[in-house]
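Engineer: I need the structure of the sequence given here:
(one chain, ligands or ions: 1)
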Amino acid sequence: MASASPSEAGSRPPPPRLLLIGAGGHGRAVLSTLRDAGWPDPIGVLDDGGASLPGVPCLGPVSRAASLWREGPRAAHVALGQNALRRRLGEELLALGFGLPPIRHPSAVLAGDAELGQGSIAMPRVVLGAAARVGPHAILNTGCIVEHDCVLGPGCHVAPGAVLGGGVRLGAGVLLGIQCGVRPGIAIGEGATVGVGAAVVADVPAGATVAGVPARPRPG
Ligand SMILES: CC(=O)SCCNC(=O)CCNC(=O)[C@H](O)C(C)(C)COP(=O)(O)OP(=O)(O)OC[C@H]1O[C@@H](n2cnc3c(N)ncnc32)[C@H](O)[C@@H]1OP(=O)(O)O
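Structural biologist: This next block holds a predicted model:
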């Protein structure tokens, strides 16, 4: 585990005030993570339902992002649980010029040579192992373990308590359900879903939904 010396830590720029996208349950979890990590409160939240977050005003629908960028906020985070939408909006914000700094809860343990992509978040008690690479717009949710040498494509969600053995590969937009386990070296294809509590012991094709112990394909 790499840890910054006090002088290195002192020279880091302070974290920016973010524009958040999404004021639902995941938005509240992201806000809590930001506060625990000492980030300043977000400048506001964009939500198509007009919802705000505790202490964070709603600044309008998501379509306001471009005009807001011209007014000042330069960094954002898409706090939506839906993988494809989170990734699409994240890419749109990047194209507008927003920075999407990765967010890390202070209780998360990230190996010094692990990578957490832009727009991604490591929630409380996440463990990210040596040389693991997490692409952009990912959610590493509470208490999940992504072991050494895993590679996650863009827009994945590893749900609370899920455990990936070493060298697992996830395509874009994969959802690994709560407390599932994935055998080392397995490949899970783009857009696949793994059910709550599943044990994945064989590769999963793109777009498939698997569940159970051992995990088997399910219709739809
Ligand atoms: C902070 C957070 O909350 S992060 C949340 C992250 N999200 C998750 O972890 C959810 C992952 N999703 C699941 O596990 C879902 O149950 C899925 C994708 C596997 C299946 O969803 P659906 O297609 O809607 O299935 P549905 O609920 O209609 O159930 C269909 C059947 O599968 C069974 N089933 C559903 N999920 C599972 C599962 N994980 N393992 C075993 N069987 C299951 C149901 O009991 C039902 O069986 P029956 O037909 O014999 O009654």
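
Engineer: Please pull up the helix or strand immediately following the helix or strand bottoming out on mean pLDDT in the chain.
Structural biologist: Lowest by mean pLDDT, DSSP states H and E among the helices and strands of the chain is helix 6-11, with a mean of 48. Remark: after helix 6-11, the chain's next helix or strand is strand 19-21, criterion DSSP states H and E.

Engineer: partner strands of that next one, parallel or antiparallel?
Structural biologist: Strand 19-21 has its sheet partners listed here by DSSP bridges as strand 44-46 (parallel), strand 76-78 (parallel).

Engineer: Quick check, G197 in contact with G177.
Structural biologist: Yes - in terms of Cβ atoms under 8 Å, G197 counts as a neighbour of G177; the distance is 7.2 Å. C-beta: built from backbone N, CA, C; applies to glycine.

Engineer: so what sits against both of these two?
Structural biologist: Residues touching both G197 and G177 by Cβ atoms under 8 Å, 6 or more residues apart in numbering: A211.

Engineer: Give me the phi and psi for the residue lying closest to G97 once chain neighbours are set aside.
Structural biologist: In space, and not counting its chain neighbours, G97 is closest to W69: 6.0 Å by Cβ to Cβ, 6 or more residues apart in numbering. Main-chain torsions, W69, degrees, to the nearest 10: phi -60, psi -40.

Engineer: R86 too?
Structural biologist: phi -60, psi -40.

Engineer: State the distance from it to L34.
Structural biologist: Here R86 is placed at a distance of 16 Å from L34 (Cβ to Cβ, to the nearest Å).

Engineer: Of these two, give the one with the bigger neighbour count.
Structural biologist: R86 (27 against 23; other Cβ atoms under 10 Å).

Engineer: if we can go back for a sec, the more surrounded of G197 and G177?
Structural biologist: It is G177, of G197 and G177, that has more neighbours when counted by other Cβ under 10 Å, with 21 against 16.

Engineer: ok, the closest residue to the more buried one other than its chain neighbours - how many residues close by?
Structural biologist: In space, G177 comes closest to V196 once its chain neighbours are excluded; the distance is 4.2 Å by Cβ to Cβ, 6+ apart. Look at V196: counted by other Cβ under 10 Å, it has 14 neighbours.
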